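Participant: here is my input, please return the structure:
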Amino acid sequence: MALPLSRRTILRGAAAAAAGATGLAAGVGESTAQATSRHHRRVRTTCYVEVNNHSIANVGKYVLESDGRPVFDIGLIFAANINYDGKQAYLYNNPQVQATLDNVRTLVRPLQARGIKVLLSVLGNHQGAGFANFPDRRAARAFAIQLASTVHRYGLDGIDFDDEWAEYGTNGTSQPNDWSFVYLCQELRRRMPHKIISMYYIGPSSEHVVYNGLSAGRFLDDVVYPYYGGYAAPGEIDVPCLSRKEIGAAAIWLENTDPDRAKQLAQWTVRDGYGYYNAYDLQEGDHSEYISAFTTALYGSGARYTG
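Facilitator: Model prediction:
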């Protein structure tokens, strides 16, 4: 089944809005070096890989020139789907995603051995099922069990939610509700107490993160900004219980976002004390010159391609 290249579609319409958001976040203040010295830990760089066309192993091919540490802290297998069988939602892995999972020994374990976390990203699939319209806790629990079982079976480090392309209401499905996403995160956390649960901050799920005083942020490890080339305005990412250290306010599309812009977003990330920097669409080949544009700002070091 063909997977829609959602971020390419989003990017075309997002540039103007993102540019406006950056103006709100920018300001005169301390230097990047000064801001870096205040951090208790380095910014974590996440990287989504379209495994329909490219290998998740690419995430491990870049290191910092200064100390040889991997550039990318988290690699995301993009993407499995939430599908609908006419009665309930179920997890679907297309052939390329399944091939990646079947080859975790050669594709994923070497990354994990170097400290890189590998998550399975889950995306809507035009069938009406999404993270925001489970009718009750029982339905949310059933899907959480599928997610956790996949993580445990293949030895992954967690799950990422991307609430795009669900097309709520299709096939007689319901519209988004207030409780669904919170229940899903809570049920998944119960089954993955020591794994990562992350959120790509888009779609109805991002609009329903609190129910009866309970925030999905209690169960999430991080939330990242979705619009490539953009930077979140103050308060734009609103998930109670998460601090800036659990938020990525910048997003880039590798080799498509201007490298000077990628560097600037990295500088702002450090300056403003955010804990994540989000990159998308790592492909084969040596992209170290481009990647160095933002690693220099984030970590004070260029990047080297190891092949």
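Participant: grab the nearest non-local neighbour of Gly273.
Facilitator: Here the nearest residue to Gly273 in space, its sequence neighbours aside, is Arg244; by Cβ to Cβ, 6 or more residues apart in numbering that works out to 4.9 Å. (Glycine included, C-beta is placed from N, CA and C.)
Participant: also Trp165?
Facilitator: Gly124 (4.0 Å).
Participant: could you report the distance from the one you found to Pro176?
Facilitator: 12 Å (Cβ to Cβ, to the nearest Å).
Participant: and the closest residue to Gly302 other than its chain neighbours, what pLDDT?
Facilitator: Setting aside the residues directly before and after it, Gly302 is nearest to Ser292 in space (Cβ to Cβ, 6+ apart), at 3.9 Å. On the pLDDT scale, Ser292 is placed at 98.
Participant: count the neighbours of Ser292 for me.
Facilitator: When counting by other Cβ atoms under 10 Å, one arrives at 22 neighbours for Ser292.
Participant: picking that back up, quick one: common contacting residues for Gly124 and Pro176?
Facilitator: With contacts taken as Cβ atoms under 8 Å, 6 or more residues apart in numbering, the residues that reach both Gly124 and Pro176 are Gly130.
Participant: please say which of the two ends up with more neighbours.
Facilitator: In this view Gly124 and Pro176 are compared by other Cβ under 10 Å, and Gly124 has more residues nearby, 29 against 20.
Participant: and that one, what are its bridge partners?
Facilitator: On DSSP bridges, the residues paired with Gly124 through beta bridges are Ile82.
Participant: give the contact list for it.
Facilitator: Residues counted as contacts of Gly124 (Cβ under 8 Å, 6+ apart) are Asn81, Ile82, Gly130, Asp162, Asp163, Glu164, Trp165, Ala166, Glu167, Gly203.
Participant: now the last one, nearest residue through space, not along the chain?
Facilitator: Right, Gly203. The shortest distance from Gly203 to any residue other than its chain neighbours is 3.0 Å, reached at Asp163 (Cβ to Cβ, 6+ apart).
Participant: circling back: save the contacts of Gly124 as a markdown table, and put in neighbour count, pLDDT and secondary structure too.
Facilitator: Formatted as a markdown table, the contacts of Gly124 follow (neighbours: other Cβ atoms under 10 Å; pLDDT from 0 to 100; DSSP: H, G, I helix; E, B strand; the rest coil):
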| residue | neighbour count | pLDDT | secondary structure |
| --- | --- | --- | --- |
| Asn81 | 25 | 99 | strand |
| Ile82 | 26 | 99 | strand |
| Gly130 | 31 | 98 | coil |
| Asp162 | 28 | 98 | strand |
| Asp163 | 26 | 98 | coil |
| Glu164 | 20 | 98 | coil |
| Trp165 | 19 | 98 | coil |
| Ala166 | 28 | 98 | coil |
| Glu167 | 16 | 98 | coil |
| Gly203 | 24 | 98 | coil |
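Participant: give me phi/psi at the most centrally placed residue in the chain?
Facilitator: To find the centre residue of the chain, average its C-alpha atoms and take the closest one (Cα atoms, centre = their mean): that gives Tyr200, at 4.8 Å. Backbone dihedrals for Tyr200, given as degrees, to the nearest 10, come out at phi -90, psi 110.
Participant: got it, and Asn53?
Facilitator: In terms of degrees, to the nearest 10, the main-chain angles of Asn53 are phi -130, psi -20.
Participant: could you do the one 4 residues further on as well?
Facilitator: Dihedral angles phi and psi of Ala57 (degrees, to the nearest 10) take the values phi -60, psi -20.
Participant: what's the helix or strand for Ser121?
Facilitator: For Ser121, the enclosing helix or strand under DSSP states H and E is strand 117-124.
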